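Trainee: Take a look and give me a structure for this.
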Amino acid sequence: MARYIGPKSKIARKFGEPIFGADKAFEKRNYPPGQHGNNRRRGKKSEYAIQLLEKQKAKYTYGILESQFRNIFEKASSSKGVTGEVLLQLCESRLDNIVYRLGIAPSRSAARQLVSHRHISVNGKVVNIPSYTLLPGDAVGVREKSKSLQSISASLEANTSVYEWMSWNNETYQGNFVSIPQRDQIPENIKEQLIVELYSK
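Mentor: Residues are numbered from 1 along each chain as shown. Coordinates of the predicted model:
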């Protein structure tokens, strides 16, 4: 399973946002990485550079590598609707992202690990593919044998996020992907139109 395993705080500092979640190193040094830090003079970025940065931010946020991200974009561009919005909706519909959104895991990388280690079920069947695309009405739950995992219960206790497009039952450890989220329901700070413009060149 391909995934990004490099330094995370450095990437968060590059974008000026804690895109991998809470990060003490980022909070201490909230400026771009590099030998001279904030003192380095940075020229005006080109249009291409701005678009490329936005694409990289989206890829790192959702934990998707280039070839997979391009495939998602091509699927979005051939679908009905606004391409950029559909792109984010497809990213949000991934199983690893839903596991993270439901609070079963504290981060997307932790969610990916739970899925690949067969702790998560979809409609009663174990699914170990993090990129599995959910459809409205699908039920996502924790496997019976995995409900006693301390990491899952600790993550659910710490979770305070609530999303209109999904529901969660704390007694059964099961949630529902109610509907595909609208753009204003997706909290990520991503300018998807820049990504569309980049791929359209």
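Trainee: Let me see the ranges of the strands in this structure.
Mentor: 120-122, 125-126, 139-142, 166-169, 174-177 (DSSP state E).
Trainee: Dump those into TSV; add mean pLDDT as well.
Mentor: Formatted as TSV, these follow (pLDDT from 0 to 100):
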stretch	mean pLDDT
strand 120-122	97
strand 125-126	96
strand 139-142	97
strand 166-169	96
strand 174-177	96
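Trainee: Using a markdown table, lay out the ones you listed together with distance to residue 93.
Mentor: (C-beta placed from N, C-alpha, C; glycine too.) Conversion of those to a markdown table gives the following (distance: least, C-beta to C-beta, whole Å):
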| stretch | distance to residue 93 |
| --- | --- |
| strand 120-122 | 12 |
| strand 125-126 | 18 |
| strand 139-142 | 11 |
| strand 166-169 | 11 |
| strand 174-177 | 7 |
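Trainee: Which among the ones you listed is found nearest to residue 91?
Mentor: Across the strands of the chain, residue 91 has its closest neighbour in strand 174-177 (13.7 Å, C-beta to C-beta).
Trainee: Okay, and the beta partners of the closest residue to residue 138 other than its chain neighbours?
Mentor: Distances taken as C-beta to C-beta, 6 or more residues apart in numbering put residue 177 closest to residue 138, at 4.7 Å, once the chain neighbours are dropped. Note on residue 177: beta-bridge partners by DSSP bridges are residue 166.
Trainee: which residues does residue 82 contact?
Mentor: By C-beta atoms under 8 Å, 6 or more residues apart in numbering, no residues touch residue 82.
Trainee: ok, now how distant is it from residue 193?
Mentor: 9 Å (C-beta to C-beta, to the nearest Å).
Trainee: Repeat that for residue 120.
Mentor: Applying C-beta to C-beta to residue 120 and residue 193 gives a distance of 33 Å.
Trainee: the more surrounded of those two?
Mentor: Counted by other C-beta atoms under 10 Å, residue 120 and residue 193 do not tie: residue 120 has more neighbours, with 27 against 14.
Trainee: what residue is smack in the middle of the chain?
Mentor: residue 62 (2.9 Å; C-alpha atoms, centre = their mean).
Trainee: Look up the closest residue to that residue, ignoring the ones flanking it.
Mentor: residue 91 (4.7 Å).
Trainee: hang on, residue 161 packs against residue 101?
Mentor: Yes. With contact defined as C-beta atoms under 8 Å, residue 161 reaches residue 101; the gap is 7.0 Å.
Trainee: Among the two, which residue is more densely surrounded?
Mentor: residue 101 (24 against 9).
Trainee: Can you list phi and psi of the nearest residue to the more buried one once chain neighbours are set aside for me?
Mentor: Using C-beta to C-beta, 6+ apart and skipping the chain neighbours, the partner closest in space to residue 101 is residue 163 (5.9 Å). In terms of degrees, to the nearest 10, the main-chain angles of residue 163 are phi -120, psi 140.
Trainee: ok, residue 163 - contacts?
Mentor: 101, 181, 185.
Trainee: Specify which member of these is nearest to residue 95.
Mentor: Taking these together and measuring to residue 95 by C-beta to C-beta, the closest member is residue 101, at 10.6 Å.
Trainee: Surely that closest one is in contact with residue 166?
Mentor: Yes. Using C-beta under 8 Å, residue 101 makes contact with residue 166 at a distance of 6.3 Å.
Trainee: All set, thanks.
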